[in-house]
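Chemist: Sequence and predicted structure below; questions after.
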Amino acid sequence: VQLQASGGGLVQAGGSLRLSCAASGRTFEDYTMGWFRQAPGKERDFVAFINRNGVTGYYIGSVRGRFTISRDDAKNTVYLQMNNLEPEDTAVYYCAARLSYQREYSYWGQGTQVTVSS
């Protein structure tokens with residue numbers, strides 16, 4: 001599967017952005033989709049996932065209640081709605097995909113830059 005992330009940009013603190021990740025290739029609904037982020041000089045962090053049944057999880061405490069992951073299988077797209085953004089959310093955001101039996105995310109998008117100004 002090929003992934004194309006978009007929707008990043010520059011926003012002031014308190015603002016919102018919606019990231020999109022469009023998939024092509026194998027059947028999208030078979031995949032668990034995830035969003036990761038990497039800030040300058042830091043390791044990549046796992047932000048959130050959504051599986052084929054719509055079950056979601058958020059791995060960074062600071063984003064809970066502000067970020068929402070969702071998917072539209074008819075459009076082969078996964079979204080990350082980000083509200084009340086903080087400067088600490090500044091990072092390159094990546095979408096990724098794995099099949100249910102895989103432990104690791106095997107397919108990655110190219111990343112989209114999110115910059116939050118204070």
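Modeler: On my side now, so go ahead. Numbers count the residues shown, from 1 in each chain.

Chemist: and residue 55, how many neighbours?
Modeler: Here the neighbour count serves as a burial measure; for residue 55 (other CB atoms under 10 Å) it reads 9. The C-beta positions use only the backbone N, C-alpha and C, and glycine is treated the same way.

Chemist: Am I right that residue 7 is in contact with residue 109?
Modeler: No: the pair residue 7 and residue 109 does not pass the contact test of CB atoms under 8 Å, sitting 11.2 Å apart.

Chemist: Could you check which of the two is surrounded by more residues?
Modeler: When residue 7 and residue 109 are compared for neighbours, residue 109 comes out ahead with 23 against 16, by other CB under 10 Å.

Chemist: Enumerate every residue touching the more buried one.
Modeler: Counting by CB atoms under 8 Å, 6 or more residues apart in numbering, residue 109 makes contact with 3, 4, 5, 21, 94, 95, 96.

Chemist: Also residue 40?
Modeler: When contacts are counted by CB under 8 Å, 6+ apart, residue 40 is found next to residue 91.

Chemist: Is it located within a helix, as I assumed?
Modeler: No: counting by DSSP: H, G, I helix; E, B strand; the rest coil, residue 40 falls outside a helix, being coil.
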